[in-house]
Structures are given as structure tokens and as C-alpha cells.
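Participant: below are the sequence and a predicted model; questions follow.
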Amino acid sequence: MKNDVIIAGFGGQGVLLAGKLLAWAGMLGGKFVTWFPSYGAEMRGGTANCTVIISDEEIGSPVVDSPGALIAMNEASAVRFSGNVGRGGVIILNSSLVKEDIKKPGRRIYKIPANEIAGEIGNPRVVNMVMLGAYLKVSGAASIGQITRALEESLPSRNRHLLNANVSALGKGYSQVG
């Protein structure tokens with residue numbers, strides 16, 4: 001088994017955190033992992049993306065030219081990276097921000113109203129977890145339990161109060177795809 005995904009958006013959307021948690025969950029599952037972040041000079045509002053690979057076998061390179069999946073948190077990321085997803089791959093779009101009709105033959109496309117779901121949960125900062133939950137469902141790369149454990153182990157004490165909202169967001173995202 002090998003799962004590779006690009007998670008992309010703008011700074012402040014939790015793109016790198018989602019990737020780091022996914023990689024951490026893969027390690028908890030006894031897999032080989034890489035997490036390869038990339039971001040612009042701006043801390044918030046600039047571009048941010050990361051590539052995560054989770055595999056049963058050793059990973060030769062963290063660079064992926066044609067990923068099996070894309071999680072696009074905003075329209076610019078959807079346009080930039082959707083053409084790279086390999087045939088048979090998965091594209092998960094935050095339909096709250098991606099208004100362009102992305103069509104890529106031979107790829108499964110899921111549109112998740114992540115901002116609205118985060119609003120229903122009561123915390124706009126959990127959009128990344130909504131999208132990650134959807135990815136977990138379609139990929140099987142890790143379980144919600146593994147992501148929850150990664151959250152528990154990585155959240156600083158000042159953010160522990162956000163754990164329940166993050167876990168709720170994972171579940172809501174997971175339930176958005178069939």
C-alpha cells in the first residue's frame with residue numbers, strides 16, 4: 001500500500017498541520033512516511049502546500065510528480081495542482097472557496113463545503129480537519145483514531161481545548177464522502 005497526497009491552500013488554513021498529522025498518523029500505524037512542506041515567504045495569506053507519502057515500503061524520494069490525491073483548500077491550489085493528479089486519483093475540493101468547475105477525466109472529485117461545516121461546529125479553524133477527514137475516508141491512508149492520537153500528542157497545552165472540535169471536524173468530513 002502506498003498513499004501520496006498534496007495538501008494545498010494558503011497560509012493560515014492549517015495545510016502544513018494537516019500534512020504533519022497525516023504523516024504522524026502513518027508512523028503510528030507502523031508505516032514509512034515522508035512529509036515535505038513548501039510555503040511562500042508570507043506566514044498568512046501566502047501559498048502553502050505539502051506532500052505526504054505513507055507506504056508499507058521504504059520511500060525513495062519525498063517528491064511526487066503525479067500524486068494519487070489532492071486536497072485543495074482554495075481555488076488557486078485547485079487550479080495549480082489538479083492537473084498533476086494521476087489517472088484513477090482523487091481530488092478533494094473545499095467547495096466553500098473553490099468555485100471553478102474542476103473537471104479531470106479519470107479522477108474522482110469530491111466537493112466538500114468545509115468552511116460551512118467548520119462554521120456549524122463553531123470553529124472556523126477546523127476547515128483543515130474537515131478536509132482531512134474526507135481524505136481519510138476515500139484513501140484509507142490512516143484512521144480517525146490515529147489522527148486523534150497524533151493530535152493528542154502534538155497539540156500544545158494552550159490548544160488542548162480545541163481537541164474536541166478537531167475530532168468532530170474529522171468525523172464530519174469523513175461522513176461527507178461515500
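Facilitator: Alright, I've got the coordinates.

Participant: ok, which stretches of the protein are strands?
Facilitator: Under the criterion DSSP state E, the chain carries strands at the ranges 2-10, 32-39, 47-55, 69-72, 90-94, 108-112.

Participant: and the fifth one, which strands flank it?
Facilitator: Going back to what we said before, that points to strand 90-94. If you go by DSSP bridges, strand 90-94 pairs up with strand 69-72 (parallel), strand 108-112 (parallel).

Participant: just name the most buried of those strands.
Facilitator: Mean neighbours per residue, mean count of other C-beta atoms under 10 Å, is largest over the strands paired with strand 90-94 for strand 69-72, with a mean of 28. For the C-beta atoms, the positions are set from N, CA and C on the backbone; glycine is no exception.

Participant: got a pLDDT number for the most centrally placed residue in the chain?
Facilitator: Centroid check for the chain by C-alpha atoms, centre = their mean gives Leu132 as the closest residue, at 4.2 Å. Looking at Leu132, its pLDDT is 98.

Participant: state the distance from it to Ile7.
Facilitator: Using C-beta to C-beta, to the nearest Å, we find Leu132 at a distance of 8 Å from Ile7.

Participant: now swap in Gly60 and tell me
Facilitator: Distance of Gly60 to Ile7, computed by C-beta to C-beta: 21 Å.

Participant: quick one: which of these two has more around it?
Facilitator: Ile7 (33 against 9; other C-beta atoms under 10 Å).

Participant: show the contacting residues for the more buried one.
Facilitator: Ile7 makes contacts with 15, 18-19, 22, 49-52, 70-71, 73, 131-132, as judged by C-beta atoms under 8 Å, 6 or more residues apart in numbering.

Participant: and stretch 36-46, how far apart are its ends?
Facilitator: End-to-end distance of stretch 36-46: 17 Å, with C-alpha to C-alpha, to the nearest Å as the criterion.

Participant: wait, Phe10 sits on Thr47?
Facilitator: Yes - the criterion here is C-beta atoms under 8 Å, and Phe10 meets it with Thr47 at 6.1 Å.

Participant: what do the two both touch?
Facilitator: Counting by C-beta under 8 Å, 6+ apart, the shared contacts of Phe10 and Thr47 are 76-77.

Participant: for this structure, give me the ranges with low pLDDT.
Facilitator: Counting by pLDDT under 70, the ranges of the chain that qualify are 41-45.

Participant: one more pass at 80, please.
Facilitator: Residues of the chain meeting the criterion pLDDT under 80: 39-46, 178.

Participant: quick one: the helices in it?
Facilitator: Applying DSSP state H to the chain gives helices spanning 15-28, 75-81, 114-121, 127-139, 144-154, 163-174.

Participant: and the last one with helix 114-121, angle?
Facilitator: Relative orientation of helix 163-174 with respect to helix 114-121: 130 degrees, computed using axes from the mean of the first three to the mean of the last three C-alpha atoms, to 10 degrees.
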